[in-house]
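Student: kindly return the folded structure for what I paste below:
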Amino acid sequence: MCLNELKRGQSARVETIADEQLRVQLLRFGIAAGCRVICHTRLWAGPVVLRFGGQEIALGREVAQQIQVTP
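Tutor: Numbers count the residues shown, from 1 in each chain. Now for the predicted structure:
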């Protein structure tokens, strides 16, 4: 399942991040394989807002499609 498929309020564990450059960028925000995230908001035709570790981050749909998660 891709991160952009999560429903609002649903939590998931990050499994893999396909793109190596994206993996490095997300690691700077604290998102890596094994971490738990919660889908805070999904904006129509817009970003997916995640909540994790006391912070929120908005990811574009194209970025979210590259992140595999397990609910």
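Student: ok, residue 53 touching residue 32?
Tutor: No - between residue 53 and residue 32 there is no contact under CB atoms under 8 Å: 11.2 Å. From N, CA and C alone the C-beta is placed, and that goes for glycine too.
Student: outside of the lengthiest helix in the chain, which residues touch it?
Tutor: The single longest helix within the chain, with elements called by DSSP state H, is helix 20-28. The contact list for helix 20-28, computed with CB atoms under 8 Å, 6 or more residues apart in numbering, reads 17, 32, 63, 66-67.
Student: now a ChimeraX select for only the buried ones of these.
Tutor: Selection of buried members from these for ChimeraX, criterion 16 or more other CB atoms under 10 Å:
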select :17,63,66,67
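Student: ok, which pair from the contacts of helix 20-28 is furthest apart?
Tutor: Spatially, the most separated pair among the contacts of helix 20-28 is 32 and 63, at 14.6 Å (CB to CB).
Student: can you give me the buried ones in stretch 55-71?
Tutor: For stretch 55-71, burial by neighbour count (16+ other CB under 10 Å) applies to 57, 59, 63-64, 66-69.
Student: likewise stretch 18-38?
Tutor: Within stretch 18-38, the residues that qualify as buried are 22-23, 26, 31, 37, counting by 16+ other CB under 10 Å.
Student: any idea which of these is closest to residue 1?
Tutor: Minimum separation from residue 1 among those (CB to CB) is found for residue 37, which lies at 12.5 Å.
Student: pull the contacting residues for that closest one.
Tutor: Contact criterion CB under 8 Å, 6+ apart gives 3, 11-14, 31, 50-52, 69 as the residues in contact with residue 37.
Student: just the buried subset of those residues, please.
Tutor: Buried by 16+ other CB under 10 Å: 3, 12, 14, 31, 50, 52, 69, out of the contacts of residue 37.
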